[in-house]
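Visitor: sharing a model prediction with you, sequence too.
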Protein chains: 2
Amino acid sequence: MKALEEKIVKEGIVLSESILKVDSFINHQMDPVLMKKIGLEFADRFRNNQITKILTIESSGIAPGIMAALELEVPAIFARKKKSLTLTEGLLTTEVYSFTKRESTEIAVSNKFIEAGDNVLIIDDFLANGQAAIGLASLVEQAGANVSGIGIVIEKSFQQGAEEIEKRGYRLESLAKIKSLNNGQVQFVRQTQHTN
Amino acid sequence: MKALEEKIVKEGIVLSESILKVDSFINHQMDPVLMKKIGLEFADRFRNNQITKILTIESSGIAPGIMAALELEVPAIFARKKKSLTLTEGLLTTEVYSFTKRESTEIAVSNKFIEAGDNVLIIDDFLANGQAAIGLASLVEQAGANVSGIGIVIEKSFQQGAEEIEKRGYRLESLAKIKSLNNGQVQFVRQTQHTN
């Protein structure tokens, strides 16, 4: 997605060979016009998949999630993160390990909102090792629903997430794919042309 | 705002005389079409105030915040909540006390994104005791910026928040004002007519 790649080049800050800071337009300050375009792009890629629900995770997945939901005219649900859950009645839960924080978090969704028969599109802002996306997919499957695909705003293609997701047979659509952050430069994976 | 009040009557669950559950359309599952209308209503009420930034707080403020930002064509920033902050360099921070959880949380925003001269519209999903909104206003003022107003999706008018906010001289716009949740019934404050 060209507008997104251009914004990353212009405003993204390469903090290290594995960390790209996009807090001026994605995950702290948000550019609503770009977010709308992101939502539209996700919608276009999944328009023919009879999506019935969007599932994302707090906090940075909410903006792209709601924008995709608006375009597809389906509800969006955000999973909540908890250090540990004491009460799990009525909840679908799973554990997600963060390599960055070196800790596990429980994520949870009410079982009222994802049901057997739902076709769920999972949305998140970043894909690194894929643990969050795979955790969200597990919640969907616990509900007996179908994972129609995983939509990611920025994929760090030099990490394991994309491979882990595809290995499990899920369809993955990433709007920007980063090949490398070496030498303080953002290099994108050369993609098939998508209009935006 | 009529569409919001109707949705509250239809889908809101009165859990007690002080707790209204709206997790099927506002703060867990989200109705994107209603969120867009909420954003438009906030934008209409603040259209003439030269808003330059929206400030909200994770997680439930993000959806109404980004929708208002889209209509006003300004960036939206969400404050992050932390149990305790160790590094505060480059951050505007303040402490927010939650009467529900009986604990204090630190909230933080990067000082890069709110500056002197900004006219900031604060958005949140609920107003109860007003601590979150007043905390957000404090972050804006620490930056030397102007609090143009506070926009709330659902105000629990039987609690202290509205009074606390107005006492401090901030303009408050709440889209639904709940007078009482007694006897399992949602009763709204009779409002001046707003078209939606």
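Guide: Looks like it arrived, so ask away.
Visitor: most centrally placed residue in chain A?
Guide: The residue lying closest to the centre of chain A (C-alpha atoms, centre = their mean) is A:D124, at 1.6 Å.
Visitor: that residue contacts A:E155, correct?
Guide: No: counting by C-beta atoms under 8 Å, A:D124 stays clear of A:E155, with 10.0 Å between them. Just so you know, the C-beta spots here come from the backbone N, C-alpha and C atoms, and that holds for glycine as well.
Visitor: and chain A, which of its residues are near chain B?
Guide: Counting by C-beta under 8 Å from any C-beta of the partner chain, chain A comes close to chain B at A:23-25, A:28-33, A:35-36, A:58-59, A:62-63, A:66-67, A:69-70, A:73-78, A:80, A:109-110, A:112-113.
Visitor: please pick the buried ones from these.
Guide: Neighbour counting with 16 or more other C-beta atoms under 10 Å in any protein chain shown marks A:23-25, A:28-32, A:35-36, A:58-59, A:62-63, A:66-67, A:69-70, A:74-78, A:80, A:109-110, A:113 as buried within these.
Visitor: show me which residues of the top helix by length along chain A are buried.
Guide: When chain A is parsed with DSSP state H, its longest helix is helix A:32-46. For helix A:32-46, burial by neighbour count (16+ other C-beta under 10 Å) applies to A:32, A:34-46.
Visitor: out of the residues you listed, who's nearest chain B?
Guide: Comparing these against chain B with C-beta to the nearest C-beta places A:P32 closest, at 3.9 Å.
Visitor: can you tell me how far the closest one is from B:V9?
Guide: From A:P32 across to B:V9, the span is 30 Å (C-beta to C-beta, to the nearest Å).
Visitor: equivalent analysis for A:I8, please.
Guide: Between A:I8 and B:V9 the computed distance is 44 Å (C-beta to C-beta).
Visitor: which of the two has more neighbours?
Guide: Neighbour comparison, A:I8 and B:V9: the larger count goes to A:I8, with 22 against 12 (by other C-beta atoms under 10 Å in any protein chain shown).
Visitor: that one against A:S24, yeah?
Guide: No: contact criterion C-beta under 8 Å: A:I8 and A:S24 do not qualify, at 10.7 Å.
Visitor: count of neighbours near the residue lying closest to A:S18 once chain neighbours are set aside?
Guide: Setting aside the residues directly before and after it, A:S18 is nearest to A:L181 in space (C-beta to C-beta, 6 or more residues apart in numbering or on different chains), at 6.5 Å. A:L181 is flanked by 19 other residues according to other C-beta under 10 Å.
Visitor: ramachandran angles for A:L181?
Guide: phi -120, psi 20 (degrees, to the nearest 10).
Visitor: who's in contact with it?
Guide: A:14, A:16-20, A:156, A:158, A:187 (C-beta atoms under 8 Å, 6 or more residues apart in numbering or on different chains).
Visitor: same question for A:F46.
Guide: Taking C-beta under 8 Å, 6+ apart, we find A:F46 in contact with A:72, A:121, A:148-149, A:151, A:173.
Visitor: what does A:S110 give?
Guide: A:77, A:90-92, B:23, B:28-29.
Visitor: again with A:A116
Guide: A:143-145.
Visitor: can you pull out the helices in chain A?
Guide: Using DSSP H, the helices of chain A run over A:2-11, A:32-46, A:62-72, A:131-142, A:161-167.
Visitor: just the buried ones from the contacts of A:L181, in ChimeraX syntax?
Guide: Applying 16+ other C-beta under 10 Å to the contacts of A:L181, the buried members can be selected in ChimeraX as follows:
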select /A:14,20,156,158
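Visitor: of the contacts of A:L181, which belong to strands?
Guide: If you go by DSSP state E, those have A:14, A:20, A:156, A:187 in strands.
Visitor: of the residues you listed, closest to B:K167?
Guide: Closest to B:K167 out of the ones in strands among the contacts of A:L181 is A:L20 (43.8 Å), distances taken as C-beta to C-beta.
Visitor: what pairs with that closest one across the strands?
Guide: When bridges are called by DSSP bridges, A:L20 pairs up with A:V14.
Visitor: ok, back up a step: could I get the helices of chain A in TSV, plus columns for mean pLDDT and distance to B:E166?
Guide: Shown next, in TSV, are those (pLDDT from 0 to 100; distance: least, C-beta to C-beta, whole Å):
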stretch	mean pLDDT	distance to B:E166
helix A:2-11	98	38
helix A:32-46	98	29
helix A:62-72	98	29
helix A:131-142	98	41
helix A:161-167	98	48
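Visitor: from start to finish, how long is stretch A:19-36 in a straight line?
Guide: Distances were taken as C-alpha to C-alpha, to the nearest Å; on that basis the terminal residues of stretch A:19-36 are 25 Å apart.
Visitor: can you list contacts of it?
Guide: So stretch A:19-36 is contacted by A:3-4, A:7-8, A:11-15, A:59-60, A:63-64, A:67, A:125-126, A:153-154, A:156, A:178, A:181, A:186, B:62, B:66-67, B:69-70, B:73-78, B:80, B:109-110, B:112-113 (C-beta under 8 Å, 6+ apart).
Visitor: give me the distance from it to the chain's centre.
Guide: Computed by C-alpha atoms, centre = their mean, to the nearest Å, the chain-centroid distance of stretch A:19-36 equals 14 Å.
Visitor: same check on stretch A:117-137?
Guide: 6 Å.
Visitor: pull out the buried positions in that stretch.
Guide: A:118-137.
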